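>>> Below are the sequence and a predicted model for it; my questions follow.
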Amino acid sequence: MSVLGTPFRLPCGLTLANRLVKSAMAEGLATAHQQPTPRHAALYEAWARGGAGLLVTGNVMVDPRYIGARGDVAMHADFLGAFRAWALAATRHGVPILLQLNHPGRQTPRTLTPQPVAPSAVSMTRMAGAFAPPRALAPQEVETIVRQFAEAASLAERAGFNGVEIHAAHGYLLSQFLSPVSNVRRDAWGGDLGSRARLLLEVVRAVRRATHRDFAVAVKLNASDLQRGGFDVASCVTVARWLEAEGVDLLELSGGTYESDGLLGGARRGPDAYFAEYARTLRPEVRVPLLLTGGQRNAVRMAGLLQAGTHDLVGIARPLAVVPDFPARILRGEQPTLPGPARFPVRALASIAELSWYTEQIQRIARGEEASPTYGPLRALLRAARELAG
Amino acid sequence: MSPRTPPRQRLARPKSELEARYDAIVVGSGYGGGIAALRLAEAGLRVCVLERGTELLPEELPASLRHVPANVQGRVDTPGMARRFGPRLGLFDLRIHESLGAVVGCGVGGTSLINASVFVVPEEHVLDHRWPARFREDREGREAACARAREILTPTTAGPEVAKMGTFRELAAQTGVAPQRVPLMVRRTDDDSPGARGAVCTGCGNCVSGCVVGAKRSVDMTYLPLAVAAGARVFAELDVHHVARSGDEWSVHYAPTCRPARQAEHPDGFPCVRARLVILAGGALGSTEILARSRERGLAVSDALGTSFSANGNAIGAVYAPRHPVRANGTDGRTEPEPGPCITTAVDLPATERRGAIHVEDGTAPLLLTTVGRALGLGARLRAQEPGQGRWARALATSREVLASVAEGVVGAPENGQLLLAQCDDGAKGRLELGAAGIAIRWPDYEVPHVDAELRKMAEAAGATYQPLRTGWGAGAVQWTVHPLGGCPMGESHRLGVVNDACAVFDPDGPLGAVHPGLYVCDASVIPAAVGKNPVGTICTIAERAMHLLVATERTVDRSPAVAGQPTERRRSFALSEAFEGWLSCAPADAPNRLAVDAFAEPFAHHAQAAFAIEMDDLTTFVRDANHSASVVGTLTCALLGGTCSVVRGHVHLLADDPVDQHVFYNMYRLGLASPVGEAWTLTGMKVWEDGGATKLWSAGTQMPIEIFRGEDTSGAPFARGLLRMSARDFLGSVRSYEGRVRGAVPIPLEAHADFLAFSARRLLQRVRWPR
């Protein structure tokens, strides 16, 4: 049998039936008050039936005031019933589900947050028009954020999620703290790597304290920001060692930020597995289970990479937006064809159109419809603009 | 009735002995399943036989009208209607479809319980181009296989002459072909011929409603006891739903044949057993249905699945010879003379230019059918009533019409009738498709008019009238077949068939001719064309040959009679289902608030849900036994354990005494769990019933703290602890699922219900502290 079908146990005790993990993708399905809806449950029910060994939700904001996009869910005790239905949609099928916790920091559009918060008042350099200049967080505000993550994790546990994934990648708040480009603080939360990583480690520690031992705590970390002077692979190795010491159950490797090309497709060198070489660097340094996400589409190559031992779990995201049972079919030895969006001719907008195209497909699954490969890139772009404008 | 030999032993094991893994799993217990079970067990494999029906000892088979409701089940799938009816364990399984209906048996022994036990092997020329060359050309292998089957089933033409043979000769006289006695798998004479065991046929004529005498050499009297003696395990009342590949094994997913406490919310949560070798032998309809469902879940199966369905050219009718009384109805052995076995004689009408060969046999309507007919009154009387207005009145009129047709066709003249069964090559142009009520026969224009014409000619030449058996009328008339064949036809490659000549299932995704390793279909469903004669001989030949090619080992097992055993009383059993929801945690016991057993506690992480089917196999023993032990099958689903785990070796003690504290009863569950990732766990759970008020009993009865241990050892620290709770809705569902059963009989088994309810009420009331 392919190594992809072998079970895997996380240090907390959670058993994954196979090595395929549905990685986080923004669903954009929340209500105007950032509440989860029955569509979330329907969507994750479809994915739970799809054969993945583990589901990671799209990012859920720890603070309803700061959201990354319209339609993002935020954690709140009042929404516990809706979160419960969402978790149950997966766990009733025996599929574990992790809730991804995030704080967008300065990466929140101007239309949603007139004044975002960030480690330092450093504005985004790309797409600057879309993001308002942030203000630096006061030290006590940083402590509040630690508490918000812990409370959100505790609520997630009460709602029946099997764990949380703390999002410290892609240029969001925790990632901003890690990067010397966006974090120029001189207090206890900035400076050398130890101080820049302090927020992430405090968050992990607080989440561990707020939840039980068998509750999985995963961290999504950039292997590299793919940006000159940003968080690089050497820092990643160091932070990964610290996270291991904190008892993290799973480390998901990704890369890039909104400021770099990597997040939206610029890292696509080679046929697949965008960040495989970073995993090779990291593997000898840490023993924490590694989840490698990005660009893996071919079953044979997935199994080959996994066999090489650089990582333990394969993250799949976009294929699941068009083929919800992609993992089951990969495990059966099939290689499903994956419809993709037509490329938008203007390069600067192409990746936004692509992202929006996939979000549309996800929402189709949530509505119980089939994927629509013919959905045009212009429509997708207009859809993105509409989202942004509200 | 004639003196009986001691009844045979029960073959089916309690479900609490079900293991997670066997070397081979045989699905179905008819001829194909019996042969597979015996040959694989002889080869030293650990064999498990799963049968959807229940086990009926000869004396538990239906014998009178009051046994009918509990023994008739079926499915209707015609344009405009798709539903199942009757109890799921009913012996007679009627499939009613547009223009063609089929009767199959359901029980340990499969259709062999209700066939006429004719063992004939068709001529060589029947094996035409539709059969794979390797099967056609392996004459030696086929003959050896057939000889192996004969050795066990001992078909013989010996036996006393009976009156209806003369009648049939008279009928056949005009055809110019001499009728022949057919070899029967029935012990008709009290001699010491080899293989002669069991009771001697009394000639009651009720072969096709089940041989209550025990003279019929059905599979449960031959292959299965030998297989059990060779180590095979038979589990009844487990309905296999689909098979799936899991690693280098097959997982066979099943559902207990009892009412669920909760309508299935997610159809993938079936428990399963695993093996490297799986033999599907559920018959033409059963095996095709299992493969079709497996295909829906991703198994690659040839597109030929469901094709080449044949009714074996069946045409059934009755001949009435008013001037010549015919003794051709089943009797109860007391009031009327014995007609002899159901089928005794056959005539082979050779092929002419206008039609193919036809095989015509005499037949005896079993007592059950004639009694039904008499009870219903004559068809004419039924038809005389005006149909009323409205849906129900029309439905009533329709059902009267159907019954009238049966009454006229089969039993219109009980004293003067003679059933005829004709078989021919019908071209095997039927299709089997998965419909709303399971597998359905799609053959809207099934007809064998030349056969009916031939039978009518025979009857009229003898001065009698002929009435073909149909139910319904006009365009809605349904012809019946008792020989559904095909659906998974054998062929040269997956383009032409579903299995190869050795019954291995083709893998259409592999190279041409590739098969799924370890997956076989071994029953009537692989027959690619009508055989035109009773198909048992062909089925046995195919199955014996396939198993010989599969194991090819010497037989080592003692063939001593396995029929003698302890006489048993008519067994009462009781089944119920339970659904729980709750949580599991591997936190230590002293973790704050995690293990607070509180109805109002928050549900915590690692949601768990369970569906258990509990069976008291023998209610009398259960009530008497101080431990009150029952068997459990079902599932526990929790992400912590890797998904949906199947219960294996599941025991529960219901309302058992605490050996120490006389004020306490407990329900103690001890279940093995086989996780989908191949790990073994053990669940222990205890509901404690202490003295207290009714509310206390409610919370005691609906909450169960559980512990999960790694492996089978429960002495160390548990891997996880948790709580399973039953909601009020699930409790009602559980009560609704209560099902008392008295084997093979009694439409409403009130005594079984009464026994169980009295037992639980008595026990519970002992624990209630009444207010003074």
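Done, it's in.
>>> I'd like to know how many residues surround whichever residue of the stretch 151-300 of chain B sits closest to chain A.
Using CB to the nearest CB, the single residue of the stretch 151-300 of chain B nearest to chain A is B:G247, 4.2 Å away. C-beta: built from backbone N, CA, C; applies to glycine. Neighbourhood size, B:G247 [other CB atoms under 10 Å in any protein chain shown]: 14.
>>> List of residues touching the helix or strand bottoming out on mean pLDDT in chain A?
In chain A, no helix or strand scores lower on mean pLDDT, DSSP states H and E than helix A:377-389, which sits at a mean of 79. By CB atoms under 8 Å, 6 or more residues apart in numbering or on different chains, the list of residues contacting helix A:377-389 from outside reads A:28, A:69-71, A:109, A:111, A:130, A:341-344, A:349-350, A:352-357, A:359-360.
>>> List the residues that contact the most centrally placed residue in chain A.
Centrality entry for chain A: nearest residue to the mean C-alpha point is A:A24, 4.4 Å, by CA atoms, centre = their mean. Counting by CB under 8 Å, 6+ apart, A:A24 makes contact with A:56-59, A:100, A:165, A:167, A:220, A:317.
>>> which residues touch the residue nearest to the spatial centre of chain B?
In chain B, the centroid-proximal residue (CA atoms, centre = their mean) is B:C106; its distance is 3.0 Å. Shown in contact with B:C106 (CB under 8 Å, 6+ apart): B:52-53, B:73, B:89-93.
>>> what's the domain layout of the chain?
No chain in the question, so chain A it is. Annotated domains of chain A cover A:3-329, A:339-390 [automatic domain parsing].
>>> wait, chain B
According to automatic domain parsing, the domains of chain B span B:15-153+B:205-310+B:482-551, B:572-767.
>>> could you dump those to TSV with mean pLDDT?
TSV is the format used below for the domains of chain B (pLDDT from 0 to 100):
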stretch	mean pLDDT
domain B:15-153+B:205-310+B:482-551	91
domain B:572-767	81
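>>> Could you single out the most deeply buried of the domains of chain A?
domain A:3-329 (a mean of 21; mean count of other CB atoms under 10 Å in any protein chain shown).
>>> Find me whatever residue is spatially closest to the closest residue to chain B within the stretch 101-250 of chain A, sequence neighbours aside.
Nearest residue of the stretch 101-250 of chain A to chain B, counting by CB to the nearest CB: A:D214, 4.2 Å away. Of all residues not flanking A:D214 in the chain, B:C586 sits nearest, at 4.2 Å (CB to CB, 6 or more residues apart in numbering or on different chains).
>>> residues contacting that neighbour?
A:12-13, A:213-214, B:640, B:719-721.
>>> switch the cut-off to 7 Å
A:13, A:214, B:640, B:719-720 (CB atoms under 7 Å, 6 or more residues apart in numbering or on different chains).
>>> closest to A:P327 among the residues you listed?
Of all the contacts of B:C586, B:L640 has the smallest distance to A:P327: 19.8 Å, by CB to CB.
>>> so that closest one, which of the three states?
Three-state assignment for B:L640 (DSSP: H, G, I helix; E, B strand; the rest coil): helix.
>>> From B:H606, how far off is it?
Distance, B:L640 to B:H606, using CB to CB, to the nearest Å: 5 Å.
>>> Need the overlap of contacts for these two.
Joint contacts of B:L640 and B:H606 (CB under 7 Å, 6+ apart) are B:L584.
>>> and the closest residue to B:R767 other than its chain neighbours, backbone torsions?
Nearest non-adjacent residue to B:R767, counting by CB to CB, 6+ apart: B:W689, 5.0 Å away. In terms of degrees, to the nearest 10, the main-chain angles of B:W689 are phi -110, psi 100.
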